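> My questions are about this predicted structure, shown below with the sequence.
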Amino acid sequence: MADQSSSFDAVQSSDREAIRILLVEDDQDYADVLIAELAERGVNVRHFADRREFLRTLDHAIDAHVIVLDWHVLRMSGIDLLAAIRRRGIKLPVVFLTGQNLIQHEIEAFERGAMDFIEKSRGVETLVMRLKLVVMSAARDQVGTGCTAQGRLSLYRHVSRALWDGIDLRLTVGEYNVVELLVLNADNFISYRAIYDALRSPGFVSGHGVEGYRANVRSALKRVRNKFRALDPDFNAIESYMAFGYRWNTGGD
């Protein structure tokens, strides 16, 4: 179960510059010591001892800078957990902690997209220093926390979340990618093919005939519009243009 005493709420009001991490560690004794030592060094931690609880409540990822995973989590390896995080559209940098610094594990971690791989015996000072480097690197690559606002819509790219008037639209990762594509090209029509590439992957083909994907795009945009209209019955920011595609109309948000 998550450590409910570890929250970012107080941090946001007192120190917005502090590093905020999500820690998944099933050794409670080690986690308690690590959280206390990190707090002394200005790092704020939200701890999860259960990977299932972590995956169920990813709302907290909006305000985090880094995810720190123990290499071995109960009933799931850290590598598998990293894959599950990415499938949910969470793009935050991931750092692995390990009690056994095996070279094959380190290679696998970096091949799967981890930003760092740190042996627990290296100590908290080293961990903090390397977390700072990860946050700096993510900021340069514009992967860290941040919000793109378009009228009443807020987009959080690092966690693939879209909020309308501050309420989560609960878009799937594919739906989020489509909305982001439209918003970043606001007032310009985007073709069915480009939208389908965002929804699935470039070059993916589905449906009947050369342009069978169009029906899938229309169905997807219908679902997206319905999610907006569930919060705002008058929503009309997504417009279609005959047989060409769709656009985000800034006059409609």
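Noted; the coordinates are in hand.
> going forward, measure contacts and count neighbours with C-alpha atoms only.
Will do.
> Mind checking the pLDDT average for the longest helix belonging to the chain?
As assigned by DSSP state H, the longest helix anywhere in the chain is helix 213-231. Mean per-residue pLDDT for helix 213-231: 93.
> now swap in stretch 188-206 and tell me
For stretch 188-206, mean pLDDT rounds to 82.
> mind showing which ranges of the chain have poor pLDDT?
Filtered on pLDDT under 70, the chain yields the residue ranges 1-17, 73-76, 141-146, 201-211.
> how far does the longest helix of the chain sit from the chain's center?
Computed by Cα atoms, centre = their mean, to the nearest Å, the chain-centroid distance of helix 213-231 equals 22 Å.
> Using PDB, write down the CA coordinates of it.
Output in PDB follows, covering the C-alpha atoms of helix 213-231 (Å, rounded to 0.1, in the frame of the first residue of the first chain):
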ATOM      1  CA  TYR A 213      -8.200   3.500 -41.600                       C
ATOM      2  CA  ARG A 214     -10.500   6.500 -42.100                       C
ATOM      3  CA  ALA A 215     -13.400   4.700 -40.400                       C
ATOM      4  CA  ASN A 216     -11.100   4.000 -37.400                       C
ATOM      5  CA  VAL A 217     -10.200   7.700 -37.200                       C
ATOM      6  CA  ARG A 218     -13.800   8.800 -37.300                       C
ATOM      7  CA  SER A 219     -14.700   6.300 -34.600                       C
ATOM      8  CA  ALA A 220     -11.800   7.500 -32.500                       C
ATOM      9  CA  LEU A 221     -12.700  11.200 -32.900                       C
ATOM     10  CA  LYS A 222     -16.300  10.400 -32.000                       C
ATOM     11  CA  ARG A 223     -15.100   8.800 -28.700                       C
ATOM     12  CA  VAL A 224     -12.900  11.800 -28.000                       C
ATOM     13  CA  ARG A 225     -15.700  14.300 -28.600                       C
ATOM     14  CA  ASN A 226     -18.000  12.300 -26.400                       C
ATOM     15  CA  LYS A 227     -15.500  12.400 -23.600                       C
ATOM     16  CA  PHE A 228     -15.200  16.200 -23.900                       C
ATOM     17  CA  ARG A 229     -19.000  16.600 -24.100                       C
ATOM     18  CA  ALA A 230     -19.500  14.400 -21.000                       C
ATOM     19  CA  LEU A 231     -17.800  17.400 -19.200                       C
END
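> which secondary structure elements does it contact?
The contact analysis (3 or more Cα pairs under 8 Å, 6 or more residues apart in numbering; DSSP states H and E) places helix 213-231 against helix 192-199.
> can you do 10 Å?
strand 161-164, strand 167-168, helix 173-184, helix 192-199, strand 238-241, strand 245-248 (3 or more Cα pairs under 10 Å, 6 or more residues apart in numbering; DSSP states H and E).
> okay, the angle between the fourth one and helix 173-184?
Between helix 192-199 and helix 173-184, the angle comes out at 130 degrees (axes from the mean of the first three to the mean of the last three Cα atoms, to 10 degrees).
> Mind giving me the packing neighbours of helix 192-199?
With contacts defined as 3+ Cα pairs under 10 Å, 6+ apart, helix 192-199 has these neighbours: helix 173-184, helix 213-231, strand 245-248.
> Parallel or antiparallel, which strands does the last one pair with?
Looking at strand 245-248 with DSSP bridges, its partner strands are strand 190-191 (antiparallel), strand 238-241 (antiparallel).
> rewinding a little: between the helices and strands packed on helix 213-231, which one is closest to residue 23.
Residue 23 lies closest to strand 161-164 among the helices and strands packed on helix 213-231, at 20.6 Å (Cα to Cα).
> so what strands line up beside that closest one?
The sheet places strand 161-164 alongside strand 153-156 (antiparallel), strand 167-168 (antiparallel), with pairing taken from DSSP bridges.
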